[in-house]
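Undergrad: what would the 3D arrangement of this be:
(one chain, ligands or ions: 1)
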Amino acid sequence: MLNAVEISHLTVKYPDIKALDDVSFVVKEGDFLGIIGPNGAGKSTLFDSMLGLNTKYDGTIKFFGQDIKKSKKYHKEIGYVPQNPVFEKNFPATVSDVVRMGLRTESDENKIDEILQQLWIHELRNRRIGELSGGQLQRVFIAKALVNNPKILILDEPVTGVDQQSIELFFSILKELNSKQKITIIWSSHDLDAVNKLANHVACLNRTLFFHGESEKFFSDDALVKQYSEASMQEHMHHH
Ligand code: ADP
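TA: From the prediction side, this is the model:
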């Protein structure tokens, strides 16, 4: 299997803080990686660096063997679902408009239809996005990220306000994208049970990477899970 992603000695310093400290890991093509870590662990910094939004880092990031600082070829292979998609509630865009915006090349209506169906939002295609529930909106932004047939899908924390039924649907969609379409998935989540169920690899991040490996190994190691939980709890107390 190819290395879809290869991160070596990634360090990111902000004026007051080292957000990432010597982080290295590999994601094989077809893997489903869950990234877990408390608030402030550096997850967004990691994604921003992978997406080319933050270029001030030490170390290297490669997609399919290509250093992202040397080649932009990888770019079209990445689909990204942001944590809180920003849009104007009253902007008169419909679901299919938003998905179409994801296309890099000229509009391919068949592809848009196919994706809308796959994400269970085809019936909503003419609805304005301001009218959607959190779960529906989440699927619209996944559709937008998938419309170019990326090989890698990166998802930051899911949208808030997503009801239980939509969460289940979201999980089954991710599972299908990974197992049937062989899309490599990198997903940051606070939901340990969901990561345990869906991901085959886990990266546990808290500025440094304190675990990376098979999810079975992580979840069967009580000491590791406890270490993660304590780190999250400390962050939680810190923020309240
Ligand atoms: P996470 O996504 O895991 O919550 P972040 O990557 O957002 O973590 O943040 C990691 C740390 O870096 C935090 O302490 C945060 O305050 C700090 N940080 C994030 N972005 C910036 C920035 N642009 N400038 C300065 N500090 C930042």
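
Undergrad: contacts, neighbours, all on C-alpha from now
TA: Noted.

Undergrad: what about the residue nearest the centre of the chain, distance to Asp108?
TA: Closest residue to the average C-alpha location of the chain: Leu155 at 1.6 Å, with CA atoms, centre = their mean. Distance, Leu155 to Asp108, by CA to CA, to the nearest Å: 24 Å.

Undergrad: now do the helices in the chain.
TA: For the chain, the helices defined by DSSP state H cover 43-50, 95-101, 109-118, 134-146, 164-179, 192-198, 215-219, 222-239.

Undergrad: any chance of the ones you listed in JSON lines, plus mean neighbour count, distance to the ligand and mean pLDDT?
TA: Formatted as JSON lines, the helices of the chain follow (neighbours: other CA atoms under 10 Å; distance: least, CA to the nearest ligand atom, whole Å; pLDDT from 0 to 100):
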{"stretch": "helix 43-50", "mean neighbour count": "19", "distance to the ligand": "4", "mean pLDDT": "95"}
{"stretch": "helix 95-101", "mean neighbour count": "20", "distance to the ligand": "25", "mean pLDDT": "90"}
{"stretch": "helix 109-118", "mean neighbour count": "17", "distance to the ligand": "28", "mean pLDDT": "91"}
{"stretch": "helix 134-146", "mean neighbour count": "24", "distance to the ligand": "18", "mean pLDDT": "93"}
{"stretch": "helix 164-179", "mean neighbour count": "16", "distance to the ligand": "21", "mean pLDDT": "93"}
{"stretch": "helix 192-198", "mean neighbour count": "15", "distance to the ligand": "15", "mean pLDDT": "93"}
{"stretch": "helix 215-219", "mean neighbour count": "17", "distance to the ligand": "19", "mean pLDDT": "95"}
{"stretch": "helix 222-239", "mean neighbour count": "13", "distance to the ligand": "10", "mean pLDDT": "76"}
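
Undergrad: need the ones you listed in a markdown table (columns: distance to Leu10).
TA: Formatted as a markdown table, the helices of the chain follow (distance: least, CA to CA, whole Å):
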| stretch | distance to Leu10 |
| --- | --- |
| helix 43-50 | 9 |
| helix 95-101 | 32 |
| helix 109-118 | 34 |
| helix 134-146 | 25 |
| helix 164-179 | 26 |
| helix 192-198 | 24 |
| helix 215-219 | 22 |
| helix 222-239 | 21 |
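
Undergrad: Val202 and Val5: what is the separation?
TA: Distance from Val202 to Val5, by CA to CA: 14 Å.

Undergrad: can you check the pLDDT for Leu10?
TA: With respect to pLDDT, Leu10 scores 98.

Undergrad: would you confirm that it contacts Val23?
TA: Yes: if you go by CA atoms under 8 Å, Leu10 and Val23 touch, sitting 4.8 Å apart.

Undergrad: re the thing from before, out of Val202 and Val5, name the residue with the larger neighbour count.
TA: Legend: neighbour count by other CA atoms under 10 Å for Val202 and Val5, higher for Val202 (25 against 22).

Undergrad: how confident was the prediction at that one?
TA: pLDDT, Val202: 97.

Undergrad: please apply the same query to Trp120.
TA: Value for Trp120, per-residue pLDDT: 93.

Undergrad: nearest residue to it in space, please, no chain neighbours.
TA: Among residues not flanking Trp120 along the chain, Arg139 sits closest, at 7.9 Å (CA to CA, 6 or more residues apart in numbering).

Undergrad: what of Ser24?
TA: Per CA to CA, 6+ apart, closest to Ser24 is Ser8, 4.4 Å.

Undergrad: ok, the one you found - contacts?
TA: Each residue near Ser8 by CA atoms under 8 Å, 6 or more residues apart in numbering is listed here: 22-25, 59-61.

Undergrad: from the residues you listed, list just the buried residues.
TA: Among the contacts of Ser8, those buried by neighbour count (16 or more other CA atoms under 10 Å) are 22-25, 60-61.
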